[in-house]
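Participant: Show me the folded form of this:
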Amino acid sequence: MADLGEELAAEGIARASEAQERVKPLSLEQALDIIFCLALTRDFFDADDVHEYLLAHGLPDLENPGAWGGLWRRAKGKWIEPVTDSEQWRKSSRPSQHAKPLPLYRSLVVGDC
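Facilitator: You can find the predicted model right below:
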């Protein structure tokens, strides 16, 4: 019986490892493309909208979620600008963000495609 348990455990570990290999983290360029895509299609959006896009399309997050800040900086001035009135910011709906206020961004390129 121990042999069957060990065999099933090994099989489960192998399946989990294979699945992890198939799920690669989002690349920085893919993430920047998503911000650009949202800028083309929405007047205003925030980080929660980006994460909703990831979920809706079955995409993983960045390996280091802290890298999002640098991507927002790269997009600012090119495709988006921050809404400076903090009263228009929204509280995050993601549990991991603990309802922190999220900057709202205005698209500079909406409808340009």
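Participant: And the helix or strand containing residue 50, how far out from the chain middle?
Facilitator: Using DSSP states H and E, residue 50 falls within helix 47-56. Here helix 47-56 is found 6 Å from its chain centre; the criterion is CA atoms, centre = their mean, to the nearest Å.
Participant: helices or strands up against that helix?
Facilitator: Packing partners of helix 47-56 (3 or more CB pairs under 8 Å, 6 or more residues apart in numbering; DSSP states H and E): helix 28-41, helix 68-75. Bear in mind the C-beta positions are built from the backbone N, C-alpha and C, glycine included.
Participant: in the longest one, what's buried?
Facilitator: To tie it back to what came earlier, the one meant is helix 28-41. Across helix 28-41, burial judged by 16 or more other CB atoms under 10 Å covers 28, 31-32, 34-36, 38-39.
Participant: Repeat that for the shortest one.
Facilitator: Along helix 68-75, these residues count as buried under the neighbour rule (16+ other CB under 10 Å): 68, 71-72, 75.
Participant: got TSV for those residues, with distance to residue 87 and pLDDT too?
Facilitator: What follows is the buried residues of helix 68-75, written out as TSV (distance: CB to CB, whole Å; pLDDT from 0 to 100):
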residue	distance to residue 87	pLDDT
68	23	92
71	25	94
72	20	95
75	23	96
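Participant: what's the average pLDDT for the helix holding residue 50?
Facilitator: For helix 47-56, mean pLDDT rounds to 95.
Participant: quick one: it to helix 68-75, angle?
Facilitator: 110 degrees (axes from the mean of the first three to the mean of the last three CA atoms, to 10 degrees).
Participant: List the buried residues in helix 47-56.
Facilitator: Using 16+ other CB under 10 Å as the test for burial, helix 47-56 gives 47, 49-51, 54.
Participant: so can I have a markdown table of those showing distance to residue 102?
Facilitator: Below are the buried residues of helix 47-56 laid out as a markdown table (distance: CB to CB, whole Å):
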| residue | distance to residue 102 |
| --- | --- |
| 47 | 5 |
| 49 | 9 |
| 50 | 10 |
| 51 | 10 |
| 54 | 15 |
